[in-house]
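Undergrad: What follows is a predicted protein model with its sequence.
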Amino acid sequence: MSRLLNLPSELLARTFSYVNRSSLKSLRQSCRFISQLATDQLYRTVHLKPGETSQNRLQEILNNPSLRQIPRKIYIDTNYDDEEEQKWPQGWDNLVPQVKELPRLNAAVLCFDKGFTSDRTTRDYLFSTDFPQTPQFRFQAMHKLFSLLESLRHPIQDLGIRNLQTDNPKDPQTLAKMGKVLSGLLSLRLSITSETNEAAPEHDLELPSTWLSPAAPSLQHLSLCSREYSGFYPHLDLSSLFFPRLKTLSLGNFCFFHEGQIDWILKHGDTLEEIYFDDCAVLYDFGMMEENVDACAIPRDTLVRREGDKTLYGSFEKRWHDIFDLFAEKLPKLRHFRIGCSNWYPDIPFEQERGIKVGLYYNRYMCCYDGYGPSPYMEGENPKNLANLENAWRPSPECDDEDRAALRKLLAKLGQSVQESYSNGYSGYRIVNFV
């Protein structure tokens, strides 16, 4: 024990961060110094969920002058266990405003249900499902969250919204509170749940104006992860944004389909230190039905018709090895890079960037052909098997060796270890090529 106590307190605190809750509770029964460290770790993050147990636990912390000094982060989870239409939990209106009495709180996460059906959805019983959290419930929850965050003694630095719906708040009061809170953030994580209706049209992800622009001057960490592939259709355009202090960029289920997207990342080369691509894809070929062209991100005059098909088509010639080479050359401060896939079941990954299993998955190349369902996005091997003049589909790129060599070169430059290289291995249901 004496040797343990001789270690620097910072090192001990870091060590305790890896200890499970049961062991931390036991450590609280040891000497006073260890007890303080274990207590700090136990109460550093607090969770508020519907139900009396969670509410009572938070109230006990708020009522205890010593414990009240500890929490740095709060998760507000709005999910009930049942499927009835949900309402703001009884007791929260009194309890949530008291959170401002936690003097060291600097991070918050608001969690919604992963199911989402907007008011715009046609209520067709064949395709539509009612989910317990309505858009009105979500807007109310965001208003109450940002009212709380606006009232804190010190501006919050870290914010996450889990399963954010694609519709943004319209209420001027809520938007004003959001703008005030977002303007001082260092870290922003948004996981975006898509409309749960296969018959519904895709919508643009209106993130830049509402969520990202207010945070741009101060933001150092940005994480955007979508349940469905985004970037192209639905359109997510980041080109108008610049984050002068950005150090970490994490994208999930994001599609690259034009050079401007790569240029946007390179534009942050003076500050960017970490990049995480979770199940991201190069969209090498795409086709849109004429009536839906305006909903995608490609100008109509850049698309062409192909023989035997009325669909309008486009393509992207950049490959992953081109992107890896550009990162190695033009991101001088890059220190860590991961591309691959983390655990997407049962929900969108959240705060899991370091858990990405690095690998060159076959679905790193995707195509998007409007009119095919349930998703217009398909992994490369499917179009390759079905490619012919009649449907004008293009086979997936054959550049495994080039991609592997370029990724190995990039990781070697960053000092990251790489896995042994082999092809046609299986990881779950996906065929992969490891680095």
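TA: Done, it's in.
Undergrad: Wait, Gln98 touches Glu60, no?
TA: No - judged on C-beta atoms under 8 Å, Gln98 makes no contact with Glu60 at a distance of 11.9 Å. All C-beta atoms are positioned from the backbone trio N, CA, C, and that covers glycine.
Undergrad: what about those two, which has more around it?
TA: Neighbours per residue, other C-beta atoms under 10 Å: of Gln98 and Glu60, the larger number sits with Gln98, 15 against 11.
Undergrad: Using the three-state scheme, assign that one.
TA: Three-state call for Gln98 (DSSP: H, G, I helix; E, B strand; the rest coil): helix.
Undergrad: got a list of what it touches?
TA: Gln98 makes contacts with 59, 62, as judged by C-beta atoms under 8 Å, 6 or more residues apart in numbering.
Undergrad: pLDDT wise, what is it at?
TA: We note a pLDDT of 96 for Gln98 in this prediction.
Undergrad: do Arg153 as well
TA: Listed pLDDT for Arg153 reads 90.
Undergrad: That one and Pro103 touch, don't they?
TA: Yes - counting by C-beta under 8 Å, Pro103 is a contact partner of Arg153 at 6.3 Å.
Undergrad: Need the residues touching each of these two.
TA: Both Arg153 and Pro103 lack any common contact, where contact means C-beta under 8 Å, 6+ apart.
Undergrad: where exactly do the helices run in this protein?
TA: For the chain, the helices defined by DSSP state H cover 2-5, 9-16, 21-27, 32-43, 52-63, 92-95, 135-151, 172-182, 207, 259-266, 320-330, 381-386, 400-414.
Undergrad: Rebuild those helices as a markdown table, extending it with distance to Glu353.
TA: Output for the helices of the chain, formatted as a markdown table (distance: least, C-beta to C-beta, whole Å):
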| stretch | distance to Glu353 |
| --- | --- |
| helix 2-5 | 31 |
| helix 9-16 | 19 |
| helix 21-27 | 23 |
| helix 32-43 | 22 |
| helix 52-63 | 27 |
| helix 92-95 | 31 |
| helix 135-151 | 23 |
| helix 172-182 | 21 |
| helix 207 | 19 |
| helix 259-266 | 16 |
| helix 320-330 | 16 |
| helix 381-386 | 27 |
| helix 400-414 | 15 |
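Undergrad: Among those, show me which one is buried the most.
TA: Most buried of these, by mean neighbour count (mean count of other C-beta atoms under 10 Å): helix 207, with a mean of 22.
Undergrad: pLDDT of that one, averaged?
TA: In the prediction, helix 207 has an average pLDDT of 85.
Undergrad: now do stretch 162-170
TA: The pLDDT scores in stretch 162-170 average 89.
Undergrad: What's the end-to-end length of that stretch?
TA: Counting by C-alpha to C-alpha, to the nearest Å, you get 19 Å between the two ends of stretch 162-170.
Undergrad: Then stretch 364-379?
TA: Terminal residues of stretch 364-379 lie 8 Å apart, using C-alpha to C-alpha.
Undergrad: any idea of the mean pLDDT for it?
TA: Mean pLDDT, computed over stretch 364-379, is 86.
Undergrad: now the nearest residue to Leu182 once chain neighbours are set aside: how far from Leu190?
TA: What sits nearest to Leu182 in space, not counting adjacent residues and going by C-beta to C-beta, 6 or more residues apart in numbering, is Pro214, at 3.9 Å. Note on Pro214: its distance to Leu190, by C-beta to C-beta, to the nearest Å, is 13 Å.
Undergrad: could you check the distance from the residue nearest the centre of the chain over to Pro217?
TA: With distances taken as C-alpha atoms, centre = their mean, the residue of the chain nearest its centroid is Cys225 (2.8 Å). Using C-beta to C-beta, Cys225 is found at 23 Å from Pro217.
Undergrad: now Phe316
TA: According to C-beta to C-beta, Phe316 and Pro217 sit 31 Å apart.
Undergrad: Between the two, tell me which one has more neighbours.
TA: Shown here are Phe316 and Pro217; by other C-beta under 10 Å, Phe316 has more neighbours (19 against 13).
Undergrad: lowest-confidence helix or strand of this structure?
TA: Lowest on mean pLDDT, DSSP states H and E among the helices and strands of the chain sits strand 425-427, with a mean of 47.
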